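Enquirer: need the 3D shape of this:
(one chain, ligands or ions: 1)
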Amino acid sequence: MAPSICAGCKSARAVIKRPKNHHKLCKACFIAVFEDEVHHTIVSSRLFTRGERVAIGASGGKDSTVLASVLKTLNARHDYGVELTLLSIDEGIKGYRDDSLETVKRNAAQYDLPLTVLGYDRLYGWTMDQVVDAIGKKGNCTYCGVFRRQALDRGAKMLGIKHLVTGHNADDMAETILMNLLRGDLPRLSRSTRIVTGDDSSEVKRSKPLKYSYEKEIVLYAHYKKLDYFSTECVYSPEAFRGTARTLIKNLERVRPSAILDVVRSGEDMGRLVPGIAPTGSCACSSTDALEEEVENSGCGPKTGLAGGRLAGLEIRHKEHTTGNGNTMEADLTARISDHQGTKENSISKTATTVSGGQKLGRCQSCGYMSSQTFCQACLLVESLNRNKRGTQI
Ligand SMILES: Nc1ncnc2c1ncn2[C@@H]1O[C@H](COP(=O)(O)OP(=O)(O)OP(=O)(O)O)[C@@H](O)[C@H]1O
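Expert: Residues are numbered from 1 along each chain as shown. Model prediction:
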């Protein structure tokens, strides 16, 4: 059989059948088309403004490695005028994150980008290995997801950066949409489809430039560009619901390649029909729900609605266990996590902002992180861990 000719340049030999649409392309055309599509997403969503400083959430995995590489390339090629930096969170998982962080360090040198690494141990007084020792594997993603979200925000704030990009891809988006659909949670589905969460009034806006990029194409791009990435899965395996959604998406993709994008587009369309949800671009991270949703979008994190119940329970129990003036635990927590939060953040904002649903968005009374509750989710989780450690039954 005669070799196929590239559908792009019409001259070179095609070596790739694009997972997204089965177009046959040569290597150079595939790389070009992949980069052009990410550029199109960035431009059409007006993700960046000239002069902006942007932190790339860098885990050393394929998605964020490709994101860093593509953004570096596109920033130079199209002169976005943004200042890129890598931000890594060390969850403290031996045999996983320690190795992947070595990859990020090499990436920083390869792409000539500054790198900042922040650890859970420093931020919360706990590594994930210690958390799992304390609570077991079940539900550990809840802790990790809540901690990571805050850690990334805090890292960005520490660097004086107001925009964080993550490597969430189309497959991740489709999974999350499907999970929210299966739960019947349309408001969350709507929020989860956004490319940008947070706006000028939120402290750190987040965006997903790879939102329309297929995971398989990300892997192919990394392969053809010979990118250095870390490919081991987290040793604390993901929870069942997302795993099932992932399998479903992969099976759908097998029989209909466009299924992933179709689910993403359908999610966006459905999201637009949900009443009472602010249009894209307004703050999506200003409520407890939105925080959980970000955790969920992280790829790990609560997959079964566990976090909401667990956290609500902790909040109630926290109130029961707080003394009249509510200061006992606050002092304890503050002592444990004051290292990173500093006096500035701990000086609790007196002004609260009204957010959707009539909730007041204020500051966690312990750490100063934005929260619609008295204490933020991370502080509640840290306190539950500390209580268990002290042998106190909550
Ligand atoms: N430890 C971390 N430090 C910094 N950013 C992170 C970290 N973990 C996840 N992220 C960010 O969140 C995105 C989604 O994370 P997820 O856990 O789903 O990993 P993933 O899909 O395997 O992505 P990757 O291939 O980049 O590891 C990552 O692409 C990255 O931008």
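
Enquirer: my guess is Gln61 contacts Tyr229, does it?
Expert: One thing to correct before we go on: residue 61 is Gly, not Gln. Yes - counting by C-beta atoms under 8 Å, Tyr229 is a contact partner of Gly61 at 6.2 Å. Where C-beta positions appear, they are placed from N, C-alpha and C, glycine not excepted.

Enquirer: give the burial count for Lys137, as a bare number.
Expert: 11 (other C-beta atoms under 10 Å).

Enquirer: flag every residue of this structure that's near the ligand.
Expert: Residues of the chain found near the ligand (C-beta under 6 Å from any ligand atom) are 57-59, 61-64, 87-89, 91, 148, 166-168, 172, 298-300.

Enquirer: out of the residues you listed, which are inside strands?
Expert: Gly57, Leu87, Ser88, Ile89 (DSSP state E).

Enquirer: just confirm Tyr229 is within a strand.
Expert: No - read with DSSP: H, G, I helix; E, B strand; the rest coil, Tyr229 is coil and lies in no strand.

Enquirer: retrieve the pLDDT associated with it.
Expert: On the pLDDT scale, Tyr229 is placed at 97.

Enquirer: return the helix or strand in this protein with minimum mean pLDDT.
Expert: Least confident element among the helices and strands of the chain, by mean pLDDT, DSSP states H and E: helix 328-346 (a mean of 36).

Enquirer: quick check: closest non-adjacent residue to Val264.
Expert: Spatial nearest neighbour of Val264, excluding adjacent residues (C-beta to C-beta, 6 or more residues apart in numbering): Met173 at 4.9 Å.

Enquirer: nope, Ala151 is what I meant
Expert: Ala151's closest residue in space is Ile89 (C-beta to C-beta, 6+ apart), at 4.5 Å.

Enquirer: show me where the chain dips below the pLDDT cut-off.
Expert: 1, 199-201, 238, 276-360, 392-394 (pLDDT under 70).

Enquirer: okay, strands next: where are they in it?
Expert: In the chain, the segments counted as strands under DSSP E are 16-17, 24-25, 53-57, 83-90, 115-119, 163-165, 196-197, 205-207, 353-354, 360-363, 370-371.

Enquirer: I'd like those strands as a markdown table, with mean neighbour count appended.
Expert: As requested, those are arranged in a markdown table below (neighbours: other C-beta atoms under 10 Å):
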| stretch | mean neighbour count |
| --- | --- |
| strand 16-17 | 16 |
| strand 24-25 | 20 |
| strand 53-57 | 23 |
| strand 83-90 | 22 |
| strand 115-119 | 17 |
| strand 163-165 | 23 |
| strand 196-197 | 22 |
| strand 205-207 | 23 |
| strand 353-354 | 13 |
| strand 360-363 | 18 |
| strand 370-371 | 23 |
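
Enquirer: tabulate those strands (CSV), appending distance to Arg265.
Expert: Shown next, in CSV, are the strands of the chain (distance: least, C-beta to C-beta, whole Å):
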stretch, distance to Arg265
strand 16-17, 22
strand 24-25, 23
strand 53-57, 25
strand 83-90, 29
strand 115-119, 35
strand 163-165, 22
strand 196-197, 17
strand 205-207, 18
strand 353-354, 32
strand 360-363, 31
strand 370-371, 31
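
Enquirer: how much space between Ala58 and Ile42?
Expert: 18 Å (C-beta to C-beta, to the nearest Å).
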